[in-house]
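1. Could you look at this predicted model? Sequence included:
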Amino acid sequence: MKPVRKVEGRAIPFGRKNVDTDVIISAEWLKTISRDGLGEGAFESVRAQKGNVFDDPEYAGASILIAGDNFGCGSSREHAAWALDDMGIRAIIAPSFSDIFSSNAFKNGLLAIPLPQAAIDRLMEVAKTDPITIDMESMSVTTPFQDRFTFEMDPFRQQCLMDGLDEIDLTMAKSDAIEAHEKSVDSAQSWHKPVMA
């Protein structure tokens with residue numbers, strides 16, 4: 001997982017509420033276990049509408065998505081986080097997220113930043129013309145116009161995201177302790193060893 005300490009640049013002012021995971025990536029894209037190429041299917045039903053914000057050249061290469069309340073509701077598909085990552089999104093800012101989506105985002109190194117609706121409204125305006133900066137160390141979202149919105153995150157999640165550590169990395173960091181425990185179990189519980197005839 002890539003460390004995420006700062007995300008800055010243009011943001012897509014999507015703003016829609018109750019965006020479920022089927023809108024983020026529809027079921028027909030779930031036949032793969034590969035993350036590659038899922039960005040093509042991200043927001044497919046929205047992109048089918050003429051003049052949608054995702055295909056606006058103004059936001060090409062944007063790494064931040066601004067959404068409405070209850071983002072990522074619906075099914076628990078991890079493909080939704082994969083699709084966002086594959087399309088270049090590193091952070092989503094919304095008033096609230098579904099618990100499952102928030103967990104999947106964290107496990108895949110995406111920032112799910114909760115901010116009040118007033119902050120979202122302001123960021124939607126700024127995103128139309130100027131970049132936005134998310135700083136994980138100061139836990140803040142700022143604009144070139146001196147706007148500063150702070151957010152909260154579990155300190156463990158914050159550190160994992162900043163260091164680029166997923167669950168496998170965290171487990172591997174304890175490999176010496178795991179090996180020592182396995183050896184102590186082997187010596188203390190000889191009854192579970194196979195008996196040679």
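-> Perfect, thanks for sending it. Residues are numbered from 1 along each chain as shown.
2. and residue 88, how many neighbours does it have?
-> Neighbour count for residue 88, taken as other C-beta atoms under 10 Å: 15. Where C-beta positions appear, they are placed from N, C-alpha and C, glycine not excepted.
3. From the chain's centroid, how far away is stretch 165-185?
-> 26 Å (C-alpha atoms, centre = their mean, to the nearest Å).
4. where in this structure is pLDDT low?
-> 170, 190-197 (pLDDT under 70).
5. all helices for it, in order.
-> For the chain, the helices defined by DSSP state H occupy 21-24, 44-47, 79-86, 99-107, 117-127, 155-163, 167-172, 175-188.
6. Out of these, which one sits most buried?
-> helix 79-86 (a mean of 25; mean count of other C-beta atoms under 10 Å).
7. I would like the residues contacting that helix, please.
-> 21, 24-25, 29-30, 35-42, 65, 72, 92, 101, 104-105, 107-110 (C-beta atoms under 8 Å, 6 or more residues apart in numbering).
8. how big is the angle separating that helix from helix 99-107?
-> Relative orientation of helix 79-86 and helix 99-107, computed by axes from the mean of the first three to the mean of the last three C-alpha atoms, to 10 degrees: 40 degrees.
9. Just the C-alpha atoms of helix 79-86, please, in PDB.
-> Extracted in PDB, the C-alpha atoms of helix 79-86 (Å, rounded to 0.1, in the frame of the first residue of the first chain):
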ATOM      1  CA  HIS A  79     -14.300  -3.600  -6.000                       C
ATOM      2  CA  ALA A  80     -15.700  -0.100  -5.300                       C
ATOM      3  CA  ALA A  81     -12.500   1.000  -3.500                       C
ATOM      4  CA  TRP A  82     -10.400  -0.700  -6.200                       C
ATOM      5  CA  ALA A  83     -12.300   1.100  -9.000                       C
ATOM      6  CA  LEU A  84     -11.800   4.500  -7.300                       C
ATOM      7  CA  ASP A  85      -8.100   3.800  -6.800                       C
ATOM      8  CA  ASP A  86      -7.700   2.600 -10.400                       C
END
